[in-house]
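**Q** Kindly generate the corresponding structure for this input.
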Amino acid sequence: MNNESQKAQAFVTRLLQNPALHGFSMLQQEEQIIQFLHANAAQLAPTLSSNQFFPGKNWSQIFSLLIDNLYEVINAKLLPEVRQLATEKIDYTFIQLIQQHHAESGQVGQQVYALVEKLLAKPEVRRAYTGAYTILKSGIVDRYLDEIFLRKTYIHFEMTKVQRLRMGRDEIKNFVDLNLLLKPEVFYVSSGARSQQDRATGMVQNQFAEKVAEALKRELKLLPEPVLKSIVHASVSFNDNRFIEATARLTAIFAARGQAYHPNVKVDRGADSPDKSWLSTARRNYKFYGFDVKMLDELYKIAAENIW
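**A** Predicted structure coming up:
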């Protein structure tokens, strides 16, 4: 590592030690640092271009150097966690309940991790991945699916009767976890994803998602087509495709929740709990974000009753 990289890494490491970032996931911390650098460019540029730091470099060069080192610092912790999620936490035996074909879980996990690792090299994927990764680390999926299976109302019906998933709660948990882990795969077709994506909602056109699913068959050969479809449809608006799988619709909501999720948030007296507040807003704006409003209604009731 050269002297400039050492200085850049020391600088971003110091920023990451800010107590205000405590409790945020690593990708949320990364986003906060990037926003800080953009917002404070005018104040930082004179100091960082001085002889003490990066003499002779303009702000664009300094910013690029800091971001490269920020990714390196975050990846040192992020990639091992993603590998663990892909190869240890997710149980892929649910795949055998979708297609009558045995797939070795270890091989599936390695194939999934290899793609995620490749995708995380792209800055736009890292931003798209923040919500999904944060929710995967939070345990939110488990607690909501426990309630969904206990109640056996709309979401349970959509998964078991409409999507026809002949599997139990644990298998569906693993299915949704895989959806979240691979949600940014719409960027696999890198030349088109950025232009196709709606910047406000993170959604892509249904036609584009279908092309991605076809392309991914070559990359994720051990995943059956119904699983690939569910994963890419998690980035398609329910307004554009009313036949989107229930697992995809649920994944889209969870990933969006993860963008603003912070486990240590303090709730003012008399205010709504964090999930209830977020779901209330999502219900009002469901058409804009392409959510299934009936799913939001059920999740809202769950959050309200459990004070989540």
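**Q** can you list the domain ranges for this protein.
**A** With domains defined by automatic domain parsing, the chain comprises 1-77, 90-262.
**Q** Pick the most buried one from those domains.
**A** domain 90-262 (a mean of 19; mean count of other C-beta atoms under 10 Å). Where C-beta positions appear, they are placed from N, C-alpha and C, glycine not excepted.
**Q** Okay, now stretch 255-268: how far is its last residue from its first?
**A** 25 Å (C-alpha to C-alpha, to the nearest Å).
**Q** average pLDDT across it?
**A** Here stretch 255-268 scores 84 as its mean pLDDT.
**Q** Stretch 143-161 too?
**A** Mean per-residue pLDDT for stretch 143-161: 97.
**Q** What is the subsequent helix or strand relative to the helix or strand where Ile67 lies?
**A** Per DSSP states H and E, Ile67 falls inside helix 59-84. Counting by DSSP H and E, the next helix or strand C-terminal to helix 59-84 is helix 105-119.
**Q** Quick check: Lys217 touching Pro224?
**A** No. Counting by C-beta atoms under 8 Å, Lys217 stays clear of Pro224, with 9.7 Å between them.
**Q** So for the helix holding Ile67, mean pLDDT?
**A** The model assigns helix 59-84 a mean pLDDT of 96.
**Q** packing partners for it?
**A** If contacts are counted by 3 or more C-beta pairs under 8 Å, 6 or more residues apart in numbering; DSSP states H and E, helix 59-84 sits against helix 3-16, helix 26-39, helix 41-48, helix 105-119, helix 123-138.
**Q** quick one: contacts for the residue nearest the centre of the chain?
**A** The chain has Ala132 as the residue nearest its centroid, 1.9 Å off, counting by C-alpha atoms, centre = their mean. By C-beta atoms under 8 Å, 6 or more residues apart in numbering, the contact set of Ala132 is Leu180, Leu181, Lys183, Pro184, Thr251, Phe254, Ala255, Gly258.
**Q** next one: Gly290
**A** Applying C-beta under 8 Å, 6+ apart to Gly290 gives the contacts Thr201, Met203, Val236, Ser237, Phe238, Asn239, Asp240, Ala252.
**Q** Could you report the pLDDT at it?
**A** Value for Gly290, per-residue pLDDT: 95.
**Q** just Phe54 next, same as before
**A** Looking at Phe54, its pLDDT stands at 95.
**Q** For it, which three-state class applies?
**A** coil (DSSP: H, G, I helix; E, B strand; the rest coil).
**Q** Same question for Phe243.
**A** coil.
**Q** For the stretch 151-300 of the chain, which residues score under the pLDDT cut-off?
**A** Applying pLDDT under 70 to the stretch 151-300 of the chain flags residues 190-199, 267, 270.
**Q** Arg127 contacts Glu31, doesn't it?
**A** Yes. Using C-beta under 8 Å, Arg127 makes contact with Glu31 at a distance of 6.9 Å.
**Q** residue at max distance from the center of the chain?
**A** Asn51 (39.7 Å).
**Q** The closest residue to Trp59 other than its chain neighbours and Lys57: what is the separation?
**A** Closest residue to Trp59 apart from its sequence neighbours, by C-beta to C-beta, 6 or more residues apart in numbering: Ala45 at 4.3 Å. Distance of Ala45 to Lys57, computed by C-beta to C-beta, to the nearest Å: 10 Å.
**Q** same question, Tyr144
**A** Taking C-beta to C-beta, one finds Tyr144 at 48 Å from Lys57.
**Q** next one: phi and psi at Ser25?
**A** Main-chain dihedrals, Ser25, degrees, to the nearest 10: phi -70, psi 170.
**Q** Just put the helices and strands packed on helix 59-84 in CSV and tack on distance to Arg269 and mean pLDDT.
**A** Output for the helices and strands packed on helix 59-84, formatted as CSV (distance: least, C-beta to C-beta, whole Å; pLDDT from 0 to 100):
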stretch, distance to Arg269, mean pLDDT
helix 3-16, 32, 95
helix 26-39, 26, 96
helix 41-48, 37, 95
helix 105-119, 41, 92
helix 123-138, 24, 90
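**Q** wait, which of these is closest to Ile67?
**A** helix 26-39 (6.9 Å; C-beta to C-beta).
**Q** Keeping just the C-alphas, turn whatever helix or strand Ala304 lives in into CSV.
**A** Using DSSP H and E, Ala304 falls within helix 293-306. Extracted in CSV, the C-alpha atoms of helix 293-306 (Å, rounded to 0.1, in the frame of the first residue of the first chain):
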residue,chain,number,x,y,z
VAL,A,293,-50.9,-2.5,-0.7
LYS,A,294,-52.7,-5.5,0.8
MET,A,295,-49.3,-6.9,1.9
LEU,A,296,-48.5,-3.5,3.5
ASP,A,297,-51.9,-3.5,5.3
GLU,A,298,-51.1,-6.9,6.9
LEU,A,299,-47.6,-6.0,7.8
TYR,A,300,-48.9,-2.7,9.3
LYS,A,301,-51.3,-4.6,11.5
ILE,A,302,-48.5,-6.9,12.6
ALA,A,303,-46.2,-4.0,13.4
ALA,A,304,-49.0,-2.2,15.3
GLU,A,305,-50.0,-5.1,17.4
ASN,A,306,-46.4,-6.0,18.3
